[in-house]
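**Student:** Sequence and predicted structure below; questions after.
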Amino acid sequence: MSNRNGIFIAYCFPDRKWLDRVQAALKPVAGQESVVVWDERKLNAGATWKADLRDLLVGRKIALMIVSELFLESAFLDQAKLPELLDNERANGLKVCWVLAGHCLHEFAGLQRTDAAHDPAFALDGLGLEKREVELAKIAHTAALHLGTAPPVQALLPEAEPPALQTLDTAMATRHETLQQLRLLARRLLLGAAGFGLLALPSLALGGTHFLMVAGFAALLACQALLVLARVDFLAQGLLGLRYTRSGLADESLPNRQREPLVRKLAEIAG
């Protein structure tokens, strides 16, 4: 549609800090008056939110989602059916893109990697200041391309990072993804253990064997959950080490005698 303009942004309210940073990055390519922001609180603000949301999407050029685990758990997916609404408007000229604020199973929201406004291997919450600015610049450039206001790429994107930092960023992104999956698995195991635990007492009426079986399942699931949580703690500690290594390698003023151990650590990570 030729009369489309501006940007619609959907985000989860606790991710407000990422909204502010994305809006600041978009300011040079889109005036603030042309940006409409929605969070999950508006879905409960009145009975007309469905029509309001549809009208806003019809008039926008870009729909941008700030995605995190909180976004996936919000009402945008189950209640508002936002992915379906966006797909319906694609044929009419709406450009759909998304920003990864925190590593999560974004595929469950029906998001395509090709629609990402930046490299989804680099979630904003896991980056240092310099790398985060690079990713925000990429987001702004993607928006500018969709709006037809893109400057030359060289004017907006900094030089690529050294291969060493890219290796670390990839390792950190992989570990983030693994942590999210393990946390989800532990949550499900604990729920299963609680469910069997609730069934244990009623099973006493059926005999001791039934009780032992149900209680045994509950104990087994609880033990598995504890093992998974122990693995989560181990990976989280390792992630702290990766962040320390990355910050040291990114510091050009770091003396060689302090940089050499970090290079050896990087060699271990790279295998």
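**Tutor:** Received it, and whenever you're ready, just let me know what you need.
**Student:** remind me which residues of the stretch 51-200 of the chain are low pLDDT?
**Tutor:** Applying pLDDT under 70 to the stretch 51-200 of the chain picks out residues 149-168, 200.
**Student:** Could you pull out the helices in it for me?
**Tutor:** Under the criterion DSSP state H, counting those that start in this stretch, the stretch 51-200 of the chain carries helices at the ranges 69-73, 75-78, 82-90, 129-147, 153-156, 163-200.
**Student:** May I see the buried residues of the second one?
**Tutor:** Buried residues in helix 75-78, counting neighbours by 16 or more other Cβ atoms under 10 Å, are found at 75-77. (C-beta placed from N, C-alpha, C; glycine too.)
**Student:** Can you tell me which of those residues is nearest residue 65?
**Tutor:** residue 76 (7.9 Å; Cβ to Cβ).
**Student:** Which residue is the nearest non-sequential neighbour of the closest one?
**Tutor:** Distances taken as Cβ to Cβ, 6 or more residues apart in numbering place residue 82 nearest to residue 76, at 4.6 Å, with adjacent residues excluded.
**Student:** swap in residue 43?
**Tutor:** Nearest to residue 43 is residue 75, by Cβ to Cβ, 6+ apart, at 4.9 Å.
**Student:** these two touch, right, that neighbour and residue 41?
**Tutor:** No. Using Cβ atoms under 8 Å, residue 75 is not in contact with residue 41, being 9.2 Å away.
**Student:** By residue count, what's the longest helix in this structure?
**Tutor:** Secondary structure of the chain per DSSP state H: the longest helix is helix 208-250.
**Student:** who does it touch, helix- and strand-wise?
**Tutor:** Under the contact criterion of 3 or more Cβ pairs under 8 Å, 6 or more residues apart in numbering; DSSP states H and E, helix 208-250 touches helix 163-200, helix 256-270.
**Student:** before we move on, the earlier item: for the residue nearest to residue 76, grab the count of nearby residues.
**Tutor:** 23 (other Cβ atoms under 10 Å).
**Student:** contacting residues around residue 139?
**Tutor:** Each residue near residue 139 by Cβ atoms under 8 Å, 6 or more residues apart in numbering is listed here: 22, 25-26, 99, 117-118.
**Student:** quick check: mean pLDDT across the longest helix of the chain?
**Tutor:** Regarding helix 208-250, the rounded mean pLDDT is 78.
**Student:** Report the distance from that helix to the chain centre.
**Tutor:** When distances are taken as Cα atoms, centre = their mean, to the nearest Å, helix 208-250 is centred 21 Å away from the chain's centroid.
**Student:** Taking helix 129-147 as reference, get the angle to it.
**Tutor:** Between helix 208-250 and helix 129-147, the angle comes out at 90 degrees (axes from the mean of the first three to the mean of the last three Cα atoms, to 10 degrees).
**Student:** Make JSON lines from the helices of the stretch 51-200 of the chain and add distance to residue 50 to it.
**Tutor:** Shown next, in JSON lines, are these (distance: least, Cβ to Cβ, whole Å):
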{"stretch": "helix 69-73", "distance to residue 50": "19"}
{"stretch": "helix 75-78", "distance to residue 50": "12"}
{"stretch": "helix 82-90", "distance to residue 50": "9"}
{"stretch": "helix 129-147", "distance to residue 50": "25"}
{"stretch": "helix 153-156", "distance to residue 50": "37"}
{"stretch": "helix 163-200", "distance to residue 50": "30"}
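**Student:** and of these, who's closest to residue 217?
**Tutor:** Short answer: helix 163-200, nearest of the helices of the stretch 51-200 of the chain by Cβ to Cβ, at 4.6 Å.
**Student:** just how off-centre is the closest one within its chain?
**Tutor:** Centroid separation for helix 163-200 versus its chain: 14 Å, with Cα atoms, centre = their mean.
**Student:** Just the C-alphas of stretch 215-232, formatted as PDB.
**Tutor:** Extracted in PDB, the C-alpha atoms of stretch 215-232 (Å, rounded to 0.1, in the frame of the first residue of the first chain):
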ATOM      1  CA  ALA A 215       6.600 -41.300  44.600                       C
ATOM      2  CA  GLY A 216       9.500 -42.900  42.800                       C
ATOM      3  CA  PHE A 217       8.600 -41.100  39.500                       C
ATOM      4  CA  ALA A 218       8.400 -37.800  41.400                       C
ATOM      5  CA  ALA A 219      11.800 -38.400  43.000                       C
ATOM      6  CA  LEU A 220      13.300 -39.400  39.700                       C
ATOM      7  CA  LEU A 221      12.100 -36.300  37.900                       C
ATOM      8  CA  ALA A 222      13.300 -34.100  40.800                       C
ATOM      9  CA  CYS A 223      16.800 -35.600  40.700                       C
ATOM     10  CA  GLN A 224      16.900 -35.000  36.900                       C
ATOM     11  CA  ALA A 225      15.900 -31.400  37.400                       C
ATOM     12  CA  LEU A 226      18.700 -31.000  40.000                       C
ATOM     13  CA  LEU A 227      21.200 -32.400  37.600                       C
ATOM     14  CA  VAL A 228      20.100 -30.100  34.800                       C
ATOM     15  CA  LEU A 229      20.200 -27.100  37.200                       C
ATOM     16  CA  ALA A 230      23.800 -28.000  38.200                       C
ATOM     17  CA  ARG A 231      24.700 -28.000  34.500                       C
ATOM     18  CA  VAL A 232      23.000 -24.600  34.200                       C
END
